[in-house]
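S.K.: structural data only, the sequence is not supplied:
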Ligand code: ADP
Ligand code: MG
């Protein structure tokens, strides 16, 4: 069997805020169709890492490539890494999409407009085509009948399903999820996780920061444990949730059992 090509290659990503080192050199590769769950305690750098991957945050060190396109990062005359070509950075950003804990839908746009916005304005795709894709994605996430509603009329779970449809609307190579179910009540958590599972099954490449252990165990191809800004351990779920997992990861999973 041939190995699928890498969608994301992040190498030695470092980031400090002031003198606090949040990412101490993280490398991660995601191949096409992989679902990588990132687990770790609060403050371990999970969100910062995701934000570096789509250049919402500029890392202090390291390299990022989406497919075979390198992120345009270069040192300025002070030796600091910075985005050296903002257009190339914007193009690269269009290859990924992010789903946030707080949904972050545009409040002044309807459900349908939220899903159509990026493909229309950023990707400048044909309006009829964008509309057809948006309608079918809303159907897919079970939100078609809410197309004319504004986000504030929707429950958290409904908003998150729209946010996922919006993320898919540009057909990104990689979808980043930052604790997508953490703000939801249990019933809603289930419907969003079921949707994410179906995306995984259709071969979407996804990186998911989550506290949902059953999702990490049953859906991901690989689990990565972040601790103190480093990859403490990683591996297939069968290993990470088995008896041979690292002591630090087992302590993270069940602190009370120690
Ligand atoms: P996690 O998502 O794992 O909870 P974060 O990546 O959000 O962790 O944050 C890691 C650390 O970096 C935290 O101590 C946080 O306070 C700090 N941090 C994150 N973003 C910033 C920022 N923009 N400025 C200063 N400190 C930040
Ligand atoms: Mg976070």
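M.R.: Great, that's in hand. The structure displayed is predicted, hence computed values, not measured ones. Ligands and ions are numbered 1, 2, ... in the order given.

S.K.: give me every residue that touches residue 119.
M.R.: By CB atoms under 8 Å, 6 or more residues apart in numbering, residue 119 lies in contact with 125, 130, 133, 134, 169, 170. C-beta coordinates here come from the backbone N, C-alpha and C atoms, glycine included.

S.K.: out of those, which is nearest to ligand 2?
M.R.: Of all the contacts of residue 119, residue 170 has the smallest distance to ligand 2: 23.4 Å, by CB to the ion.

S.K.: which one of the contacts of residue 119 has the most neighbours?
M.R.: Among those, the one with the most neighbours (other CB atoms under 10 Å) is residue 134, at 25 neighbours.

S.K.: if we ignore the residues flanking it in sequence, what's nearest that one?
M.R.: Closest residue to residue 134 apart from its sequence neighbours, by CB to CB, 6 or more residues apart in numbering: residue 115 at 4.1 Å.

S.K.: residue 22: which element?
M.R.: strand 20-31 (DSSP states H and E).

S.K.: who does that strand pair up with?
M.R.: strand 6-17 (antiparallel) (DSSP bridges).

S.K.: give me the buried positions along the strand it pairs with.
M.R.: Going by neighbour count (16 or more other CB atoms under 10 Å), the buried part of strand 6-17 is 6, 7, 8, 9, 10, 13, 14, 15.

S.K.: kindly reformat those residues as a markdown table and extend each row with distance to residue 53.
M.R.: Formatted as a markdown table, those follow (distance: CB to CB, whole Å):
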| residue | distance to residue 53 |
| --- | --- |
| 6 | 13 |
| 7 | 11 |
| 8 | 7 |
| 9 | 10 |
| 10 | 6 |
| 13 | 8 |
| 14 | 14 |
| 15 | 11 |
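
S.K.: near ligand 1 too, which of the residues you listed?
M.R.: Among these, proximity to ligand 1 is found for none (CB under 6 Å from any ligand atom).

S.K.: now these in JSON lines, with pLDDT?
M.R.: Output for the buried residues of strand 6-17, formatted as JSON lines (pLDDT from 0 to 100):
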{"residue": "6", "pLDDT": "95"}
{"residue": "7", "pLDDT": "97"}
{"residue": "8", "pLDDT": "98"}
{"residue": "9", "pLDDT": "97"}
{"residue": "10", "pLDDT": "98"}
{"residue": "13", "pLDDT": "97"}
{"residue": "14", "pLDDT": "97"}
{"residue": "15", "pLDDT": "97"}
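
S.K.: flag the shaky bits of this protein, pLDDT-wise.
M.R.: Low-confidence segments of the chain, defined by pLDDT under 70: 256-258.

S.K.: mind redoing it with 90?
M.R.: 1-3, 68, 78-80, 122-124, 187, 254-258 (pLDDT under 90).
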